[in-house]
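**Student:** the amino acid sequence is not available; the structure is as follows:
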């Protein structure tokens with residue numbers, strides 16, 4: 001018997017499986033019923049039901065790496081996560097896709113979602129920064145920018161070597177569509193022949209000096225995705241260079257504070273009261289029942305989760321998109337507005353922090 005979320009998933013056939021590098025493979029997915037394909041914005045992801053080792057299922061998120069122009073199918077590009085030691089199991093979902101899924105197989109997916117997406121209303125120059133398989137959203141973004149925009153673009157990608165560099169030809173073809181697109185590839189373990197053949201433009205790690213040499217002084221929109229150490233290093237470099245934090249969009253499955261050794265710039269001292277918490281009538285407040293803290297909603301945070309993080313409070317979470325349910329909390333009173341439909345319907349008295357904003361003052365069981 002399928003679980004309660006199964007009805008939200010739709011069957012898609014794997015119509016192709018393409019090896020992109022020694023560790024990365026792309027899977028093209030087409031719906032069994034055409035109406036189940038829904039449009040998406042570059043940067044958004046799919047949720048896939050993956051069989052686990054106990055006869056059940058787990059949910060995994062994979063960014064759509066194809067162009068939104070390619071209606072009727074999605075492409076996901078997945079790195080096979082091998083175990084670093086014998087004591088650690090291999091990646092459940094990535095190994096299942098790489099080792100067991102072939103063209104003709106049917107997988108169940110939930111439609112595209114996610115807040116990490118290209119802002120098509122902006123006219124600012126764009127920097128697309130990626131590490132390893134983190135290039136999947138930036139390739140989709142580059143496709144739109146190359147075909148539908150004249151904004152200057154810097155596509156900067158770091159990986160270990162030419163052997164693991166995925167989607168290189170696709171990126172080069174997109175950059176050739178128009179002037180104003182600059183490519184820079186950095187190989188951590190570059191061979192001298194790689195540099196001589198211009199397979200990469202720098203070696204080692206992406207550095208402050210490299211970014212300074214590439215980017216003229218300007219006000220950029222920066223989109224960043226990659227492994228946590230890559231994200232931490234680049235976030236620190238960018239902010240040290242004076243890039244405003246609100247200009248840096250990122251896909252990061254962890255507390256935002258992990259990107260920086262210091263508290264986020266948006267953090268401000270929280271109002272703490274020892275009296276019995278009440279919301280009052282002087283604006284929208286978030287009351288944390290267990291601690292007795294009362295926080296004035298700033299109106300600028302993207303979600304309740306983001307607002308709490310800005311106050312130095314870090315509730316548990318994972319996906320930030322209403323999929324995993326990790327950030328579910330008790331809603332003692334008040335109303336919230338869901339700007340992203342959760343994968344499962346929330347019962348009365350419960351709320352997902354990652355995809356809601358308060359409609360009124362609320363009391364949380366925190």
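**Tutor:** In hand now; what should we look at? Treat the numbers as computed from the prediction; the structure is a model and nothing was measured.

**Student:** okay, CA-based contacts and neighbour counts for the rest of this
**Tutor:** Will do.

**Student:** so what touches the strand ranked longest in the chain?
**Tutor:** Longest strand in the chain by number of residues, with DSSP state E as the criterion: strand 10-19. With Cα atoms under 8 Å, 6 or more residues apart in numbering as the test, strand 10-19 has contacts from 25-32, 36, 101-110.

**Student:** going on from that strand, what's the next piece of helix or strand?
**Tutor:** Downstream of strand 10-19, the next assigned helix or strand under DSSP states H and E is strand 24-31.

**Student:** just the buried subset of the contacts of strand 10-19, written out for PyMOL, thanks.
**Tutor:** For the buried members of those, the matching PyMOL selection, counting by 16 or more other Cα atoms under 10 Å, is:
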select buried, resi 25+26+27+28+29+30+31+36+106+107+108+109+110
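
**Student:** note down every partner strand of the longest strand of the chain and its orientation.
**Tutor:** strand 24-31 (antiparallel), strand 106-113 (antiparallel) (DSSP bridges).

**Student:** of the ones you listed, which is nearest residue 48?
**Tutor:** Taking Cα to Cα, strand 106-113 is the member of the strands paired with strand 10-19 nearest to residue 48, at 4.5 Å.

**Student:** centroid residue for this structure?
**Tutor:** residue 251 (2.9 Å; Cα atoms, centre = their mean).

**Student:** could you find the closest non-adjacent residue to it?
**Tutor:** Using Cα to Cα, 6 or more residues apart in numbering and skipping the chain neighbours, the partner closest in space to residue 251 is residue 225 (5.3 Å).

**Student:** do the same with residue 117
**Tutor:** Residue 117 sits nearest to residue 43 (Cα to Cα, 6+ apart), 4.4 Å away.

**Student:** that neighbour contacts residue 137, doesn't it?
**Tutor:** Yes. With contact defined as Cα atoms under 8 Å, residue 43 reaches residue 137; the gap is 4.4 Å.

**Student:** now for the two: what residues contact both?
**Tutor:** 63, 64, 65.

**Student:** so which of these is the closest to residue 291?
**Tutor:** residue 63 (37.3 Å).

**Student:** could you say which helix or strand holds that closest one?
**Tutor:** Here residue 63 is assigned to strand 57-63, by DSSP H and E.

**Student:** mind listing what that strand pairs with, with the direction of each?
**Tutor:** When DSSP bridges is applied, strand 57-63 pairs with strand 45-51 (antiparallel).

**Student:** from the chain's centre, how far out does the strand it pairs with sit?
**Tutor:** Distance, stretch centre to chain centre, for strand 45-51: 15 Å (Cα atoms, centre = their mean, to the nearest Å).

**Student:** cool, stretch 178-194 as well?
**Tutor:** 24 Å.

**Student:** so which residues make contact with that stretch?
**Tutor:** 146, 150-162, 172, 175, 199-206.

**Student:** ok so, going back, let's test this: mean pLDDT of the longest strand of the chain, rounded?
**Tutor:** What strand 10-19 shows for mean pLDDT is 98.

**Student:** got it, and stretch 174-185?
**Tutor:** Rounded mean pLDDT across stretch 174-185 is 98.

**Student:** so which bits of that stretch are buried?
**Tutor:** 174, 175, 181, 182, 183, 184, 185.

**Student:** which of those sits closest to residue 54?
**Tutor:** residue 185 (41.4 Å).

**Student:** name whatever forms a beta bridge with the closest one.
**Tutor:** residue 157.

**Student:** name the SS class of residue 99, please.
**Tutor:** helix (DSSP: H, G, I helix; E, B strand; the rest coil).

**Student:** residue 43 and residue 137 - which one has more neighbours?
**Tutor:** Neighbours per residue (other Cα atoms under 10 Å) separate residue 43 from residue 137, with residue 137 holding more: 31 against 27.

**Student:** surely the more buried one and residue 65 touch.
**Tutor:** Yes. At 5.7 Å, residue 137 counts as touching residue 65 under the criterion of Cα under 8 Å.

**Student:** what sits in contact with each of the two?
**Tutor:** Common neighbours of residue 137 and residue 65 (Cα under 8 Å, 6+ apart) are 42, 43.

**Student:** among the buried residues of stretch 174-185, which ones are in strands?
**Tutor:** Those of the buried residues of stretch 174-185 lying in strands (DSSP E): 181, 182, 183, 184, 185.

**Student:** these into TSV, with extra columns for distance to residue 48?
**Tutor:** Shown next, in TSV, are those (distance: Cα to Cα, whole Å):
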residue	distance to residue 48
181	33
182	34
183	32
184	32
185	30
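
**Student:** and of the residues you listed, the nearest to residue 81?
**Tutor:** Nearest member of those to residue 81, counting by Cα to Cα, is residue 185, at 22.3 Å.

**Student:** contact partners for residue 61?
**Tutor:** Here residue 61 is in contact with 45, 46, 47, 48 (criterion: Cα under 8 Å, 6+ apart).

**Student:** which one of the residues you listed has the most neighbours?
**Tutor:** residue 45 (27 neighbours).

**Student:** does that residue have beta-bridge partners, and which?
**Tutor:** Where residue 45 sits in a bridge, its partners, by DSSP bridges, are residue 63, residue 113.
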